[in-house]
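**Q** When you get a sec, could you give me coordinates for this:
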Amino acid sequence: MLAQEYRLTTKDVRYIQKQKNIVWTQHFGFLWIRQYPNRKFHQCSLYIAADTVKKSVRRHQLKRKLLVQLEQGLKSSEKSVSQFYKIFIFLNKKNVSPTLLSGQHKHRTQAIDMITQSFTQEWSVARKKLGIL
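**A** This is a model prediction of the structure:
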């Protein structure tokens, strides 16, 4: 879980959604705005819709794995970046079927691992587009 100062507030998320700066990848969408000049860190939030993943336990498992990947990526890039961002990440409903995460236990864990692996690849693409290397 991200620390409180690294998470976005509801007010931030609504403002980011109005700005509509978006980077689409296969499984995820990345909404972003530039961070305030006095803050020298990134702020992020991750949203997985209930209509995409029905069970809250599965949403939580997926979100926790994705947040670990996100935190590692942001911490490694903070020292070398001059511009910081507020980033809101969400699951692309068109390319992730709800039945993918609702199957048997073995298939669910494979689906969560597959989405986590694709997140690491897609996060690197989004970072290049945003200038976060």
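**Q** Strands along the chain, start to end?
**A** Using DSSP state E, the strands of the chain run over 22-24, 28-34, 43-47, 85-91.
**Q** most tightly surrounded among those?
**A** Mean neighbour count (mean count of other CB atoms under 10 Å) peaks for strand 85-91 among the strands of the chain, with a mean of 22. Every residue, glycine included, has its C-beta placed from N, CA and C.
**Q** quick one: that one to strand 28-34, angle?
**A** Put simply, strand 85-91 runs at 160 degrees to strand 28-34, going by axes from the mean of the first three to the mean of the last three CA atoms, to 10 degrees.
**Q** How far off centre is strand 85-91?
**A** Remark: strand 85-91 is offset 5 Å from the chain centroid, using CA atoms, centre = their mean, to the nearest Å.
**Q** for stretch 31-46, same thing?
**A** The answer for stretch 31-46 is 13 Å, by CA atoms, centre = their mean.
**Q** go on, stretch 69-77?
**A** Stretch 69-77 sits 11 Å away from the centroid of its parent chain (CA atoms, centre = their mean).
**Q** what is the mean pLDDT for it?
**A** Averaging pLDDT along stretch 69-77 yields 76.
**Q** Over to stretch 90-98?
**A** In this model, stretch 90-98 has an average pLDDT of 74.
**Q** that older thread, quick one, which of the strands of the chain gets closest to residue 63.
**A** With CB to CB as the criterion, residue 63 lies closest to strand 43-47 of the strands of the chain, at 5.6 Å.
**Q** And that closest one, what does it pack against?
**A** If you count contacts as 3 or more CB pairs under 8 Å, 6 or more residues apart in numbering; DSSP states H and E, strand 43-47 packs onto helix 10-19, helix 56-77, strand 85-91.
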